[in-house]
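Engineer: Fold the following for me, if possible:
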Amino acid sequence: MTVDVDTLHSDDDLHAAGALFRAAMVGLPPLPAHRDHLSEPGRTLGARIDGQLVGTAEAYTSWLVVPGGARIPHAAVTHVGVLPTHTRRGVLTALLCRQLDDIAERGEVVATLRASEGSIYERFGYGVASSFASLDLRRGRARLRDTVPASGPVRFVEPADAWKLFPQIYATAAISWTGAIDRPEYWWKLKERTAVEPVYTVTHGPVGAEDGFARYHPVDTANWFRSRERTIVVDDFVATTPQAYLGLVRHLLTVDLVDKVTFAFAPVDAPLRHLFTDERAVEVAAVYDETWLRLIDVHAALARRTYRDGPPVVVEVDDAIRTDNTGRYRISADGVTRVDDTADISVDVATLGAVYLGGSTWRQLAFAGRAVEHRAGAADAADELFATPTLPFSGTFF
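Structural biologist: Take a look at the predicted model:
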């Protein structure tokens, strides 16, 4: 049995790949009727056995913000699936290894994805690099502290207009938090066509100089006026300034007939609870893994982020798939150099992905045996270099 992987181009093949992905995922809504502009041309792969399309994987061209604020070339991997009738035949391995080669040929130094299962992607070099929290804000207990600074104006935007305005704000505003990624037009169009109705959309800031936006929808509208816990869910919340963050939160607090505001995707270290006189107004409903990160070019990726002052550490990296990455790297605040020196600590490439953005610590991974110290104190020294002021967060699902 041979698995043949090629790039899909025709509308029929792309539509078939979309249907295949939904069959693999089982619980997704139906494929949107529109076929245009939902996939980036040339970035959808198909796997065939005896001519039958049995697997697919896709990616978007994007950027990723790394510690220090640099935006590095990045592939957003998505829509990975294999028909249930053809699993465990090497289809996924063929797809993802071919995709890693394609990503490298494009000069993208990292790839990220959102995993449907937690046991699949580590063997392909992906590590959990960031997490997100689902937060519940109880309006009845939410009184802002007098110390909370003022914010700017918030205005409603018609949803049809928001799908044009929000991409402009996201593209031009200062998106600089670690873990943020680009949102290409294909992402926006797919979100528009799969958005929950009814939807409400607001922006923060003067017209033409907006620095934030939010999109939210009510839950259980059929029983809205009888419900004892009327809830709105914030599906997208982008604030590029502190003023935008505060202004959008203030707006959500003023929405009458609402008992609970659920932030579906928030940073694990979000400052929200600190805004209120009763911090218990904010409850952490759950924490989930978010960004699974794969270093495609280890040297280039390590060199593009910044490090704190501290003694240099020599990290030995093992990459079983992209073997050119295997080697030793001397990391310091001054930069990264490939060396032949004795290693202070060793990891596989997936573990390096887990610490790359600052979402996990070297000490945590050494405790689990995923990072092996060859010099006493090497994990602490590496943490000193890799430390970040905030936890990484993307806020973009694809």
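Engineer: roughly how far apart are residue 393 and residue 132?
Structural biologist: 6 Å (Cβ to Cβ, to the nearest Å). No exception for glycine: its C-beta is placed from N, CA and C like everyone else's.
Engineer: wait, residue 255
Structural biologist: 23 Å.
Engineer: hang on, the earlier thing: common neighbours of residue 393 and residue 132, please.
Structural biologist: Here residue 393 and residue 132 have 266-268, 290 as joint contacts, going by Cβ atoms under 8 Å, 6 or more residues apart in numbering.
Engineer: which one of residue 255 and residue 132 has more residues nearby?
Structural biologist: residue 132 (25 against 15; other Cβ atoms under 10 Å).
Engineer: mind listing what the residue nearest to that one when sequence neighbours are not counted touches?
Structural biologist: Excluding its sequence neighbours, the residue lying closest to residue 132 (Cβ to Cβ, 6 or more residues apart in numbering) is residue 290, at 4.4 Å. Taking Cβ under 8 Å, 6+ apart, we find residue 290 in contact with 114, 128, 130-132, 179, 265, 393-394.
Engineer: at 7 Å instead, please
Structural biologist: Neighbouring residues of residue 290 by Cβ atoms under 7 Å, 6 or more residues apart in numbering: 114, 130-132, 394.
Engineer: and what of residue 354?
Structural biologist: Contacts of residue 354 by Cβ under 7 Å, 6+ apart are 127-129, 360, 365.
Engineer: before we move on, what about residue 236?
Structural biologist: 214-215.
Engineer: hey, where'd the helices end up in the stretch 51-200 of the chain?
Structural biologist: For the stretch 51-200 of the chain, the helices defined by DSSP state H, counting those that start in this stretch occupy 91-105, 159-172, 185-193.
Engineer: Helix or strand for the residue nearest to residue 129 when sequence neighbours are not counted, just tell me which one.
Structural biologist: Spatially, and ignoring its direct neighbours in sequence, residue 129 is nearest to residue 293 (3.8 Å; Cβ to Cβ, 6+ apart). Assigned by DSSP states H and E, residue 293 belongs to strand 292-295.
Engineer: Show me what secondary structure element comes after that strand.
Structural biologist: Next along from strand 292-295, by DSSP H and E: helix 298-304.
Engineer: What mean pLDDT does that following helix get?
Structural biologist: Mean pLDDT, helix 298-304: 98.
Engineer: If we go by neighbour counts, what in the next helix or strand after that helix is buried?
Structural biologist: Next along the chain after helix 298-304, taking DSSP H and E as the criterion, comes strand 313-318. Of all the residues in strand 313-318, those buried under the rule 16 or more other Cβ atoms under 10 Å are 313-317.
Engineer: Distance to residue 199 and pLDDT for those residues - can I get that in TSV?
Structural biologist: Shown next, in TSV, are those (distance: Cβ to Cβ, whole Å; pLDDT from 0 to 100):
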residue	distance to residue 199	pLDDT
313	48	98
314	51	98
315	46	98
316	50	98
317	44	98
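Engineer: residue boundaries of the strands in the stretch 151-300 of the chain?
Structural biologist: 154-157, 200-204, 212-218, 231-239, 260-267, 282-289, 292-295 (DSSP state E, counting those that start in this stretch).
Engineer: So which of the ones you listed is nearest residue 78?
Structural biologist: Nearest to residue 78, of all those, is strand 292-295, at 11.4 Å by Cβ to Cβ.
Engineer: any idea how far residue 349 is from the residue nearest to residue 129?
Structural biologist: 10 Å.
Engineer: So between these two, which is more surrounded?
Structural biologist: residue 293 (28 against 24).
Engineer: List the contacts of the more buried one.
Structural biologist: 110, 112, 126-127, 129, 353, 356-357.
Engineer: In this structure, what helix or strand scores lowest on average pLDDT?
Structural biologist: For the chain, counting by mean pLDDT, DSSP states H and E, helix 185-193 ranks last in confidence among helices and strands (a mean of 91).
Engineer: Who are the packing partners of that helix?
Structural biologist: Contact analysis of helix 185-193 by 3 or more Cβ pairs under 7 Å, 6 or more residues apart in numbering; DSSP states H and E lists helix 159-172 as its packing neighbours.
Engineer: buried ones in the helix it packs on?
Structural biologist: Per 16+ other Cβ under 10 Å, helix 159-172 contains these buried residues: 159, 162-163, 165-167, 169-170.
Engineer: Look at the spatially closest residue to residue 140 that is not a sequence neighbour and report its pLDDT.
Structural biologist: Distance criterion Cβ to Cβ, 6+ apart; nearest residue to residue 140, sequence neighbours excluded, is residue 259 at 6.7 Å. Note for residue 259: predicted pLDDT of 97.
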